[in-house]
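> make a model of this:
(chains A and B)
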Amino acid sequence: MNEKIETKGQHTEQGKGHFLDLKLPIGWLLSAYGVLLGIYGLVTDKEMYQKSLGFNLNLSWGVLMLLIGAGFLLAAFLKKDKERARPQ
Amino acid sequence: MASVITLNAVDYTVIAGYILVMILVGYSLKKYMKTGEDFFLSGRSLPSWITGLAFLSANLGALEVIGMVANSAKYGIATIHFYWVGAIPAMVFLGIFMMPFYYGSRVKTVPEYLKLRYNEATRGLNAISFAIMTVLMSGISLYAMALLFKLMLGWSLTGSILFAAVVVLLYVFWGGLSSSIYNEVIQFFLIWLGLLPIVFLGLKDVGGFAGFAAKLKEPLLHSVKYLGTSNNPLGVDWFGVVMGLGFVLSFGYWTTDFLVVQRALASKNLNAARMTPIIASFPKMLVPVIVVIPGLVALLVLPEFSQAGLPATEYNSALILLMKHYLPNGILGLAITALLASFMSGMAGNVTAFNTIWTYDIYGSYIKKGKPDSHYLKMGKYATVFGVAVSVGTAYIVQSFPNLMDYMQLVFSFFNAPLFATFLLGMFWAGATAWGGFFGLLVGILTAAGHYILFKAGVLHYASDMAANFYQAWWAWLADFVVTIGVSLFTKKRDPAELKGLVFGLTPRTKAAARWLARPEVWGTLAVIIAVILNVIFW
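Sure, this is the predicted structure:
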């Protein structure tokens, strides 16, 4: 049992052990939220943003989330590329 | 009754997007769950940034967030004691000093450590009480969630309970601890993204920190200045805060509660396990930004909070009323999703901790020993279904008898208070004997219960219920500490060879990680230094 865990540990050190790259779902979810809220912010009019002190919160926060989400996706894809480049 | 907040189609799309991602993540993990260790401990394979954020989020439940915003409205800046005094030192201590024994001894659960260090009886006492508490807590928070969504959004009570239970059941059944941890990490990002808009708008609205200073009463603005006596908003003096909250309650929770420790045990190696709570301590220091500031803003901008002498429960609506006050539809859906996510991940965390303790420490130790791994994996899945079912049942029982909730939380506090003494002596004093550990723990629990009875009977007096709670923890800890030492002096010592890897001094020192930047000691020290500086700034 212990030996098996050890080998698994070593796999992880090489960057492919754990089950699923969590950067992907986080990246997709936040990007999708960013796009949805950003578009909603573009099509809604000013009156709606009186309560948020005049800020078009959907647009600005949507853009921010899109950037964060894209950052996660980029990190995930770069990591995948690096793994592919590594000689087997 | 009309609901406080009205959601539109965009808000519901945001909520649905989160649910969909959680179910997909759970489903995609299904094929990896081949052994018990995969299901209960994520195959001990996760990197420390994931376990670290999950470690933090496991504690950052929706009730915690709502409650801390309420506390900030009630007690002001002093609420930061729950973070900078009541969490950071314990998290760093766990990472630097205790994790080598938890992870290094390769135990699967916290009660299993108690068995190796003390005896079967000590493990049994801890495992059974923890399993019962965890599954009931899960039911309590399920009910609290449903009640909140009913009052605020007009959702049906039964609908919320069953919906949340089914989603949690699905993804924990498929992905075990990994599902739970991944959900917590996603929740971590959602809660910041969902609540920061309130912080920005609130600060701008009241004129920043200068606005607080100009408009709020002086005692609400200081964390330490008025702690000399119990004559401050908390109603607790410095000894209660430092020893009760900062030492006993905080160390007891962060270093022995399996719900959080389980996240570190899922790490891929010892260094990652030790880094887990230390990585978590940095965002933990920042959590007051999203709870204390909204609490103070609520006092200044919400008409509901302007009149003096509010009933205590009203404070709990502060966060939701702020959402209604500042957030337009769209972002509003994001904030509600953040709350929903922290409710569901809280429940998932409880269910995964329960199924692990049940399978390894109760079923696998007392009911069916020595079965093949696949048998326990299957039992873990049944336990998940059972845990969710009991949570739903508890939620309905609590609904009919709301007072029951307070009683349950009260009883839980008896069991949690003394635990840290048992672990501290176990890990750092080789002379603590098997029965010393057991009787120390038992007397500690009884002391907490006895203290409570004396307080309620009017024999003991405190300035506030919170002070009583902090002092109860302190006396329970002391009783456990003294009795464990006392009994140990008269009972048979354990053979030192058996304690290798379990006790400080009998364990070879862990090799320092090659790069100093990867060392837990370096980051832990940094965390403590920053926490001290923060405390001084908000003195």
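> and the helices in chain A?
Applying DSSP state H to chain A gives helices spanning A:2-13, A:23-43, A:57-85.
> got JSON lines for those, with mean pLDDT and distance to B:Gln262 too?
In short, each C-beta sits where N, CA and C put it, glycine included. What follows is these, written out as JSON lines (pLDDT from 0 to 100; distance: least, CB to CB, whole Å):
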{"stretch": "helix A:2-13", "mean pLDDT": "38", "distance to B:Gln262": "16"}
{"stretch": "helix A:23-43", "mean pLDDT": "93", "distance to B:Gln262": "21"}
{"stretch": "helix A:57-85", "mean pLDDT": "89", "distance to B:Gln262": "25"}
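> most packed of those?
helix A:23-43 (a mean of 20; mean count of other CB atoms under 10 Å in any protein chain shown).
> who's in contact with the residue nearest to the spatial centre of chain A?
Nearest to the geometric centre of chain A sits A:Gly27, at 1.6 Å (CA atoms, centre = their mean). Contacts for A:Gly27 (CB atoms under 8 Å, 6 or more residues apart in numbering or on different chains) come out as A:69-76.
> re the thing from before, in a markdown table: the helices of chain A, plus distance to B:Ala383.
Output for the helices of chain A, formatted as a markdown table (distance: least, CB to CB, whole Å):
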| stretch | distance to B:Ala383 |
| --- | --- |
| helix A:2-13 | 23 |
| helix A:23-43 | 26 |
| helix A:57-85 | 33 |
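> next one: stretch B:46-61 to chain centre, how far?
11 Å (CA atoms, centre = their mean, to the nearest Å).
> likewise for stretch B:88-103?
Distance of stretch B:88-103 from the chain centroid (CA atoms, centre = their mean) equals 16 Å.
> what's next to it, contact-wise?
B:110, B:113, B:246, B:250-251, B:253-255, B:261, B:264-265, B:267, B:270, B:273-278, B:280-281, B:284-285, B:423, B:427, B:501-504, B:507, B:510, B:520-521, B:524-525, B:527-528, B:531.
> so A:Ser31 touches A:Ala70, yeah?
Yes. Between A:Ser31 and A:Ala70 there is a contact under CB atoms under 8 Å: 5.9 Å.
> need phi/psi at B:Val536.
phi -70, psi -40 (degrees, to the nearest 10).
> confidence score at it?
On pLDDT, B:Val536 comes in at 77.
> from chain A, how far out is it?
Distance of B:Val536 to chain A, computed by CB to the nearest CB, to the nearest Å: 32 Å.
> go on, B:Val14?
Applying CB to the nearest CB to B:Val14 and chain A gives a distance of 6 Å.
> output the below-cut-off pLDDT ranges for chain B.
B:1-2, B:218-219, B:223-235, B:306-313, B:508-514, B:539 (pLDDT under 70).
> how deep is B:Trp516 tucked in, by neighbour count?
By other CB atoms under 10 Å in any protein chain shown, 9 other residues sit near B:Trp516.
> can you tell me which residues in the stretch 51-200 of chain B are near chain A?
Listed as neighbours of chain A in the stretch 51-200 of chain B under the rule CB under 8 Å from any CB of the partner chain: B:106, B:178, B:182, B:185-186, B:189, B:193, B:197.
> okay if I get the residues you listed as TSV plus distance to B:Tyr118?
Listed next are those as TSV, based on distance: CB to CB, whole Å:
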residue	distance to B:Tyr118
B:Arg106	18
B:Ser178	31
B:Tyr182	34
B:Val185	34
B:Ile186	38
B:Phe189	40
B:Leu193	45
B:Pro197	50
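> list only buried entries from those residues.
B:178, B:182, B:185-186, B:189, B:193, B:197 (16 or more other CB atoms under 10 Å in any protein chain shown).
> residues in contact with B:Gly295?
B:68-74, B:76, B:79, B:318.
> quick revisit: buried ones among the contacts of stretch B:88-103?
B:110, B:113, B:246, B:250-251, B:253-255, B:261, B:264-265, B:267, B:270, B:273-278, B:280-281, B:284-285, B:423, B:427, B:502-503, B:507, B:520, B:524, B:527-528, B:531.
> so of those residues, which ones are in helices?
Short answer: those in helices (DSSP H) are B:110, B:113, B:250-251, B:253-255, B:261, B:264-265, B:270, B:273-278, B:280-281, B:284-285, B:423, B:427, B:520, B:524, B:527-528, B:531.
> show me where the stretch 301-450 of chain B has helices.
With helices called from DSSP state H, counting those that start in this stretch, the stretch 301-450 of chain B shows them at B:318-326, B:331-356, B:373-400, B:403-416, B:419-428, B:434-456.
> adding distance to B:Ile293, write the ones you listed out as CSV.
Output for the helices of the stretch 301-450 of chain B, formatted as CSV (distance: least, CB to CB, whole Å):
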stretch, distance to B:Ile293
helix B:318-326, 10
helix B:331-356, 15
helix B:373-400, 32
helix B:403-416, 27
helix B:419-428, 31
helix B:434-456, 34
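> and chain A, which of these is closest to it?
Proximity to chain A (CB to the nearest CB) singles out helix B:331-356 among the helices of the stretch 301-450 of chain B, at 4.9 Å.
> do that closest one and chain A come into contact?
Yes. Applying CB under 8 Å from any CB, one finds that helix B:331-356 is in contact with chain A at B:331, B:334.
> just the angle for that helix relative to helix B:318-326, thanks.
Per axes from the mean of the first three to the mean of the last three CA atoms, to 10 degrees, the angle that helix B:331-356 makes with helix B:318-326 is 160 degrees.
> just the buried residues of helix B:331-356, please?
B:331-356.
> re earlier: out of the residues of the stretch 51-200 of chain B next to chain A, which are inside helices?
Per DSSP H, these map to helices at B:178, B:182, B:185-186, B:189, B:193, B:197.
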